[in-house]
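Participant: Fold the following for me, if possible:
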Amino acid sequence: MITFEVNDMSCGHCVRAITQAVQEADPGAQVQIDLPSHRVQVQPAAADAAALKAAIEEVGYTPVQAG
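Facilitator: The predicted model follows:
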């Protein structure tokens, strides 16, 4: 499981945009998003953390990988 903190994620649109971006980068990925804590958790099927981070950045957000 790869976890990102995305502090500029603030609404349902953000959740949908990030989910779609991750699934486009890795169609088999499972995405769980907790909006109140600004956490995005991804169980990748093929992509690595760098590719997932880049996908989230491409749709305008600033993910920080959580330890």
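Participant: Name the residues of the lengthiest helix in the chain that are buried.
Facilitator: Determined from DSSP state H, the single longest helix within the chain is helix 12-25. If you call a residue buried by 16 or more other CB atoms under 10 Å, then helix 12-25 has these buried ones: Cys14, Val15, Ala17, Ile18, Thr19, Ala21, Val22, Gln23, Ala25. Using the backbone N, CA and C atoms, a C-beta is placed for each residue, glycine as well.
Participant: Hmm, Val22 and the second one touching each other?
Facilitator: No - shown here, Val15 and Val22 do not form a contact pair, counting by CB atoms under 8 Å, at 10.9 Å.
Participant: anything in contact with each of these two?
Facilitator: Common contact partners of Val15 and Val22 (CB atoms under 8 Å, 6 or more residues apart in numbering): none.
Participant: what's the burial count for Ala51?
Facilitator: For Ala51, the count of nearby residues is 13 (other CB atoms under 10 Å).
Participant: which helices and strands sit right next to whichever helix or strand comes after the longest helix of the chain?
Facilitator: Sequence order places strand 30-34 as the next helix or strand after helix 12-25, per DSSP states H and E. On a contact count with 3 or more CB pairs under 8 Å, 6 or more residues apart in numbering; DSSP states H and E, strand 30-34 meets helix 12-25, strand 39-43.
Participant: just so I know, which of the ones you listed lies nearest Thr3?
Facilitator: Nearest to Thr3, of all the helices and strands packed on strand 30-34, is strand 39-43, at 5.0 Å by CB to CB.
Participant: That closest one pairs with which strands?
Facilitator: strand 2-5 (antiparallel), strand 30-34 (antiparallel) (DSSP bridges).
Participant: so which of those strands is the most packed in?
Facilitator: strand 2-5 (a mean of 18; mean count of other CB atoms under 10 Å).
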